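**Student:** give me coordinates for this.
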Amino acid sequence: MKVIQRWSAPALLLLLSASFSNGQSGNVVPSIENDVLRIALSISDASLTVLDKRIKLEWGQQVRPGFRIAAEGVRVSPTSLSATVLGG
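**Tutor:** Below you'll find the model as predicted:
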């Protein structure tokens, strides 16, 4: 018997790798990505940025002033990214 696996879009999201990279202003930006998407979290305003690498389309979340990420609340693993949001 031959087993055939099909990969769907949700399965692609499971194949993410997490990392910290340097942002435009030199600050550290936690992110998670795969071959198709990159999701980055801004420490300064708690916003998310999603980049579709296939078509080079970037979506940036509109935020309300007063929110930020607690540096000690950032958790990055090979398959997930989470953070504690302060403010509001």
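**Student:** would you confirm that Val29 contacts Arg38?
**Tutor:** No - here Val29 lies out of contact with Arg38, judged by CB atoms under 8 Å, at a distance of 10.2 Å. Backbone N, C-alpha and C define where each C-beta goes, glycine included.
**Student:** where along the protein do the helices fall?
**Tutor:** Counting by DSSP state H, the chain has helices at residues 9-14.
**Student:** where in it is pLDDT low?
**Tutor:** Low-confidence segments of the chain (pLDDT under 70): 1-28.
**Student:** got the contact list for the closest residue to Leu51 other than its chain neighbours?
**Tutor:** Leaving aside its sequence neighbours, Leu51 sits nearest to Arg38 (CB to CB, 6 or more residues apart in numbering; 4.3 Å). Contacts for Arg38 (CB atoms under 8 Å, 6 or more residues apart in numbering) come out as 31-32, 50-51, 53.
**Student:** same question, Ala83
**Tutor:** With CB under 8 Å, 6+ apart, Ala83 has these contacts: 30, 41, 46, 69-70, 73-75.
**Student:** now the buried members of those residues.
**Tutor:** 30, 41, 46, 69, 74 (16 or more other CB atoms under 10 Å).
**Student:** state the distance from the residue lying closest to Val50 once chain neighbours are set aside to Gly87.
**Tutor:** Nearest in space to Val50, with sequence neighbours left out and distances taken as CB to CB, 6+ apart, is Trp59 at 4.7 Å. From Trp59 across to Gly87, the span is 22 Å (CB to CB, to the nearest Å).
**Student:** try Gln61
**Tutor:** From Gln61 to Gly87 the distance is 15 Å (CB to CB).
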